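> Quick check, what structure comes out for this input:
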Amino acid sequence: MRVKDKNNHPTEQKVVGSHLKHLREEQGLSYEEVSTETKISVSNLKAMEAHDFANLPADTFTRGLLTLYGNFLGIDGQLAANRFIKERNNGKKPDRFNKTLMSGHSLAPKKLAEPSHIPSATVAAFLLALIALTFTGFCLYTSWNPFAFFTNTTKDITSTIMAAFDDSPPSVIETIEGDQILLKAHFLDNASVEVSIDDQPTVHQEFIKNKKTEWRASSRLLLRFSEPASAKLTLNGKPFPFDDTHSGEFQLQLKKGLEK
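Sure thing, here's the model as predicted:
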């Protein structure tokens, strides 16, 4: 069983790597066992013990490895790391960055400056702003009002639908008497219906098979089914015949009879 001694520090007489190796062997630990416990690779463990500076990472990473390894073996890891880095930089192969500084040559600004990275959100915002400015400039230059254009287009489409609804002759006209017009529909197939209640603007509705609905009117009910015989109709509680002989779209118009 390995016993850690926190008061055991690397001495000046023993280089750090040799001291670490001595502690590991004294505790009967293999490289693989240390690697499993510390997650330090076997190659880095061997390089630290052998002072193989060339095969170790930069000082920052090596310092972290040495601290972890030293603490694991029961010594002051930070002290061992500082001593090791000092030995490394006093050796024949100092870090490339330190070597550059010791040579007296300063790094060029191009090498010191990191490439700038513009966030994608900033680029997207810039493009949207550019598009908006371009579109606004086009509207000002041509005196074009896009809002009026879309409003007029909607009005034209609505007017066209209403005109087509009102001008085409109804296929079935039925005059009834009563307090209201109540038409119920049970759809036998998918269909669309154009509905105008009491001369209100036409509304386009979509229905699926087995869907049930009803329409109420006080004076006039006008409908156009996209498919013939697409629904079973009931008018004011009584079955209402659906013109299944008509192909394509047709209209069904209901008017209240004059009161006596």
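> Helices along the stretch 101-250 of the chain, start to end?
Per DSSP state H, counting those that start in this stretch, the stretch 101-250 of the chain carries helices over the ranges 109-112, 120-142, 146-167.
> rank those helices by pLDDT, which is bottom?
For these, the weakest mean pLDDT is recorded on helix 109-112, namely a mean of 39.
> Enumerate every residue touching Leu235.
Shown in contact with Leu235 (Cβ atoms under 8 Å, 6 or more residues apart in numbering): 174, 176, 181-184, 254. Backbone N, C-alpha and C define where each C-beta goes, glycine included.
> What subset of those residues is buried?
Applying 16 or more other Cβ atoms under 10 Å to these, the neighbour count classes 176, 181-184, 254 as buried.
> want to throw the residues you listed into TSV with pLDDT and distance to Glu49?
As requested, the buried ones among the contacts of Leu235 are arranged in TSV below (pLDDT from 0 to 100; distance: Cβ to Cβ, whole Å):
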residue	pLDDT	distance to Glu49
Ile176	76	104
Ile181	88	99
Leu182	90	96
Leu183	85	95
Lys184	92	92
Leu254	69	100
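> Between which two of these is the distance greatest?
Farthest apart among the buried ones among the contacts of Leu235 by Cβ to Cβ are Ile176 and Lys184. That separation is 14.1 Å.
> rewinding a little: now, which of the contacts of Leu235 lie within strands?
By the criterion of DSSP state E, membership of the contacts of Leu235 in strands covers 174, 176, 181-184, 254.
> Looking at those residues, which one is closest to Ala129?
Proximity of those to Ala129 (Cβ to Cβ) peaks at Leu183, which lies at 54.0 Å.
> Tell me the span between the first and last residue of stretch 20-32.
End-to-end distance for stretch 20-32, by Cα to Cα, to the nearest Å: 15 Å.
> actually stretch 38-53, not the one I typed
Stretch 38-53 has its terminal residues 20 Å apart, counting by Cα to Cα.
> List the buried residues for that stretch?
Using 16+ other Cβ under 10 Å as the test for burial, stretch 38-53 gives 38, 40, 44-45, 47-49, 53.
> quick revisit: what's the closest of the buried ones among the contacts of Leu235 to Leu65?
Leu65 has its nearest neighbour among these in Lys184, at 82.3 Å by Cβ to Cβ.
> how close does Ala125 sit to His22?
62 Å (Cβ to Cβ, to the nearest Å).
> Tell me which residues touch the closest residue to Asn71 other than its chain neighbours, please.
Leaving aside its sequence neighbours, Asn71 sits nearest to Gly77 (Cβ to Cβ, 6 or more residues apart in numbering; 3.8 Å). Counting by Cβ under 8 Å, 6+ apart, Gly77 touches 66-71.
> make it 6 Å
When contacts are counted by Cβ atoms under 6 Å, 6 or more residues apart in numbering, Gly77 touches 67, 70-71.
> Who wins on neighbours among those?
Taking other Cβ atoms under 10 Å as the neighbour criterion, Gly70 ranks highest of the contacts of Gly77 with 26 neighbours.
> immediately after the helix or strand hosting Thr60, which helix or strand?
Using DSSP states H and E, Thr60 falls within helix 59-73. Following helix 59-73 in sequence order, the next helix or strand is helix 77-89 (DSSP H and E).
> Same question for that following helix: list its buried residues.
Quick answer for helix 77-89 (16+ other Cβ under 10 Å): 77, 80-81, 83-85, 88.
> Farthest-apart pair in those, please.
Spanning the widest gap among those are Gly77 and Arg88, at 15.8 Å by Cβ to Cβ.
> how much space is there between Pro57 and Glu37?
20 Å.
> Ser143 now?
Distance of Ser143 to Glu37, computed by Cβ to Cβ: 78 Å.
> With Ala121 instead?
44 Å.
> Show me which of these two is the more surrounded one.
The residue with more neighbours, out of Ala121 and Glu37, is Glu37; 11 against 8, by other Cβ under 10 Å.
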